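Engineer: Kindly generate the corresponding structure for this input.
(2 chains)
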2 protein chains.
Amino acid sequence: MPLPAIASGKREMKMVTTWPKRLPGLGVAAERLAARIGTLSGGRLEIKVYAANELVPALEAFDTVSRGAADMSHGASYYWQGKSKAFNFFTGVPFGMTAAEISAWVRYLGGQALRDEVTAPFGCVSFMAGQTGTQAAGWFRKELTGLADVKGLKFRTPGLGGDVWKKLGVTVVNLPAGEIFQSLQSGAIDATEFVGPSIDIALGFWQVAKNYYWPSFNEPGLALELTVNKKVYDDLPPDLQAIIQYACQADCEETYAELRAHDALLKAHKVLSVMSDRADRAFLDARRLPVKYG
Amino acid sequence: MPLPAIASGKREMKMVTTWPKRLPGLGVAAERLAARIGTLSGGRLEIKVYAANELVPALEAFDTVSRGAADMSHGASYYWQGKSKAFNFFTGVPFGMTAAEISAWVRYLGGQALRDEVTAPFGCVSFMAGQTGTQAAGWFRKELTGLADVKGLKFRTPGLGGDVWKKLGVTVVNLPAGEIFQSLQSGAIDATEFVGPSIDIALGFWQVAKNYYWPSFNEPGLALELTVNKKVYDDLPPDLQAIIQYACQADCEETYAELRAHDALLKAHKVLSVMSDRADRAFLDARRLPVKYG
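Structural biologist: Residues are numbered from 1 along each chain as shown, chains lettered A, B, ... in the order given. Alright, predicted model coming up:
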């Protein structure tokens, strides 16, 4: 008869995420991170991953960890900008830092200390747990021939980038990954951005919105996060704390490598290459305009 | 009385490196990697780091691990190009991959499998353990005003980049980090390249060779390596193998972040900014020429 978990030195933990189950690049990243922590700990930590809506809705992940109903969450910090605008900076901001610059800031130029300050009031600690790189402008039902075309568009785009689009006359909507395709198909939204070629393709947006533009001013770099309930984290011995931190750091390199590898493979993908051709001068003009806003 | 290491579950390991003791960015990276493996393993692995010449000379590090006289080595794979030209590709090659491309190749596009094939005959396994990013062209005693100036120069530059410089009439020398400054000061060499601003400054080359040029065609990206004796590695339980691998991967992100952070800080450094001004058009012309060689 097996010993109960606690007696055998195993600790089971719940990770909620903002991603659909098995979503390439992100849902898979959350599962890989959980598995790595399990392996690195020799099985002492066993993390069960819940996709969006399996335990709680995507955008309730942080609150769930904050109140201790889950041990950790995997997502993007700017989903919590309603609590503090500062959360945006731990994901990415318009005309902001590239992947290398985000890493330099987080590790060596005070980024993590600021992050600790922002997350502490919520009873959480949080770490950079992935990087996806420069984001695409997104998928648009209508071809964009100039700035006039974006006025009144219902566009799913989170973070401070959304504020820029608002200034351009766009109606901005925030939706988690799992709700975008259906909203695009039903006409509830006219356009969406998510990450970049390999992940966007997996979500099927190209089946509905044929005009794909890349890159965007939106986030020159984008970092993912692991948030851990602080009491849970503080209760762990130093080696398990280190395992969580360095597994997150290793996954920063892993996710960036994966997305660059798959984006490169997709360059040969016929559907995508046709759509990329639409990134015409009129749109590039629109991309430059937000610099002058406000 | 303390128990002997073996009875307490501790395993001591020797890491030899190609770096001077406490060399910023590289010697420090080797020590940090060793310390992280110690922390992640809860002290079960205790890695003692030997700088160049403490146990063996820098450029004998790989051979020392291969014959089992040390457990692991930290360095740059292209130092072993005398054994196989293929080693160059695990560090960086002229006009080759950037940091993101090296990561994509190693993790997702067959790079690690090729690496395993190249290192196996030497009884070793090896992992990417750091990235320094785009390399500087280097420090030159004489200002370069055109290609004629490089002919006959005694230039310290390893890897396939050295072969390109040879075609341009340069006498190429390979020296480990710890021997460069003295060779530059004595006049044994006329010029050297090493990494980039923050590490190059720490090695003091600017005190002797005032003309600094960046970037180089030499290595658009440069990866560091950890080589482990294969018998030693195979003898470890899966969690300790994973700890070594993922600590290396986390240090890829760490080293790249550190160098970008410190390079950025050095932009305000007066000595460096004076020297960078010398990167004039004549040198940029020289940089383009190797594309046409052969």
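Engineer: which stretches of the stretch 151-294 of chain A have low pLDDT?
Structural biologist: When the per-residue scores of the stretch 151-294 of chain A are filtered using pLDDT under 70, the ranges that remain are A:267-294.
Engineer: Helices along that one, start to end?
Structural biologist: Counting by DSSP state H, counting those that start in this stretch, one finds helices in the stretch 151-294 of chain A at the ranges A:159-167, A:177-186, A:197-202, A:230-234, A:238-266, A:270-276, A:281-288.
Engineer: Please work out which of those is packed deepest.
Structural biologist: When you average the neighbours per residue for each of the helices of the stretch 151-294 of chain A (mean count of other C-beta atoms under 10 Å in any protein chain shown), helix A:238-266 leads with a mean of 23. The C-beta positions use only the backbone N, C-alpha and C, and glycine is treated the same way.
Engineer: and that one, what other elements does it pack with?
Structural biologist: Helix A:238-266 is packed against helix A:27-40, strand A:45-50, strand A:124-131, helix A:197-202, strand A:223-229, helix B:27-40, helix B:99-108, helix B:238-266, with contacts defined by 3 or more C-beta pairs under 8 Å, 6 or more residues apart in numbering or on different chains; DSSP states H and E.
Engineer: what is the orientation angle of the third one with strand A:223-229?
Structural biologist: Taking axes from the mean of the first three to the mean of the last three C-alpha atoms, to 10 degrees, strand A:124-131 and strand A:223-229 form an angle of 150 degrees between their directions.
Engineer: List the neighbouring strands of the helix or strand following strand A:124-131 plus their orientation.
Structural biologist: The first helix or strand that comes after strand A:124-131 along the chain, using DSSP states H and E, is strand A:138-140. According to DSSP bridges, strand A:138-140 has the following sheet partners: strand A:191-192 (antiparallel), strand A:211-213 (antiparallel).
Engineer: With adjacent residues omitted, what lies nearest to A:W19?
Structural biologist: With C-beta to C-beta, 6 or more residues apart in numbering or on different chains as the criterion, A:W19 has its nearest non-adjacent residue at 3.8 Å, and that residue is A:G27.
Engineer: no wait, A:Q185
Structural biologist: When the adjacent residues along the chain are set aside, A:Q185 lies closest to A:V208, with 5.3 Å between them (C-beta to C-beta, 6+ apart).
Engineer: so which of the helices and strands packed on helix A:238-266 comes closest to A:A257?
Structural biologist: Within the helices and strands packed on helix A:238-266, the stretch nearest A:A257 is helix B:99-108; the backing value is 3.7 Å (C-beta to C-beta).
Engineer: got the buried residues for stretch A:67-82?
Structural biologist: Taking 16 or more other C-beta atoms under 10 Å in any protein chain shown as the neighbour-count basis, stretch A:67-82 is seen to contain the buried residues A:A70, A:D71, A:M72, A:S73, A:H74, A:G75, A:A76, A:S77, A:Y78, A:Y79, A:W80, A:Q81.
Engineer: just the strands paired with strand A:138-140: most buried one?
Structural biologist: Relative to the other members of the strands paired with strand A:138-140, strand A:191-192 carries the highest mean neighbour count by mean count of other C-beta under 10 Å, namely a mean of 26.
Engineer: thinking again about what came up before, surely the residue nearest to A:W19 and A:E54 touch.
Structural biologist: No - A:G27 sits out of contact with A:E54 when judged by C-beta atoms under 8 Å, with a separation of 10.9 Å.
Engineer: list residues touching both of the two?
Structural biologist: Overlap of the contact sets of A:G27 and A:E54 (by C-beta atoms under 8 Å, 6 or more residues apart in numbering or on different chains) consists of A:K21.
Engineer: element containing A:P24?
Structural biologist: A:P24 belongs to no helix or strand, assigned by DSSP H and E.
Engineer: quick revisit: can you add distance to B:G133 and give the strands paired with strand A:138-140 back as CSV?
Structural biologist: Compiled in CSV, the strands paired with strand A:138-140 are given as follows (distance: least, C-beta to C-beta, whole Å):
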stretch, distance to B:G133
strand A:191-192, 33
strand A:211-213, 29
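Engineer: any residue of stretch A:101-117 up close to chain B?
Structural biologist: Yes - with C-beta under 8 Å from any C-beta of the partner chain as the criterion, chain B is reached by stretch A:101-117 at A:E101, A:S103, A:A104, A:W105, A:V106, A:R107, A:Y108, A:L109.
Engineer: So for that stretch, what gets flagged as buried?
Structural biologist: A:E101, A:I102, A:S103, A:A104, A:W105, A:V106, A:R107, A:Y108, A:L109, A:G111, A:Q112, A:R115.
Engineer: Many thanks, have a good one.
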